[in-house]
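In: got a sequence here, can you model it:
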Amino acid sequence: MENIATHSTRLTPPPIVGAACLLAATLIAVAVLRWSHAPADSPPQAAVVAQRDLRFTDLPGGAVEITDVHHPGYAQRLAPGVQSDGFLRATIRALARERKRDGGNDLTPFRLSALADGRLVLEDLATGHEVDLEAFGPTNAGRFAQLLAAPPHRPQPLPRR
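Out: Next comes the predicted model:
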């Protein structure tokens, strides 16, 4: 019988050690930035190509009236229960809830802006909170885009149920 000495030395290959060090350094850098509350770099703001300052008012029966504060003739009504307006209603309600929590009032409008880079942004002028509407897909952003494109008009009375 041949006696072969088994000598097991487990060496860690240098690429694995390098990758582990790189991963550890990345995790530490991310943790330091998160804990320091450093603001994230945001891309430069594109030029505004269209803009409306809108006020949203709840009406009896669940309808919502949308008015442009700078063009008194502009108004739209969202009838209650219209499914295509669900995202618009939910977004406005969420911003209004934040506004109320931060002590803002209902009279300050929301600013809807179309930017040169194609983005659509809704900003609460009372709190400074912004929502990039393109993040929710073209259908949802498109409903807000209709508010920019619509010509000023008086709202039609809502149909009675």
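
In: next, residue 79: phi, psi?
Out: Residue 79 adopts backbone torsions of phi -70, psi 150, taken as degrees, to the nearest 10.

In: center of the protein - which residue?
Out: residue 131 (2.9 Å; Cα atoms, centre = their mean).

In: the spatially closest residue to that one that is not a sequence neighbour and residue 95, how far apart?
Out: Leaving aside its chain neighbours, residue 131 sits nearest to residue 122 (4.7 Å; criterion: Cβ to Cβ, 6 or more residues apart in numbering). For every residue, glycine as well, the C-beta is placed using N, CA and C. Separation of residue 122 from residue 95 (Cβ to Cβ, to the nearest Å): 7 Å.

In: low pLDDT regions in this protein?
Out: 1-12, 33-44, 150-161 (pLDDT under 70).

In: phi, psi of residue 51?
Out: When read as degrees, to the nearest 10, the backbone of residue 51 gives phi -160, psi 140.

In: helix or strand: which one has the nearest residue to it once chain neighbours are set aside?
Out: Spatial nearest neighbour of residue 51, excluding adjacent residues (Cβ to Cβ, 6+ apart): residue 113 at 4.6 Å. Using DSSP states H and E, the element containing residue 113 is strand 110-115.
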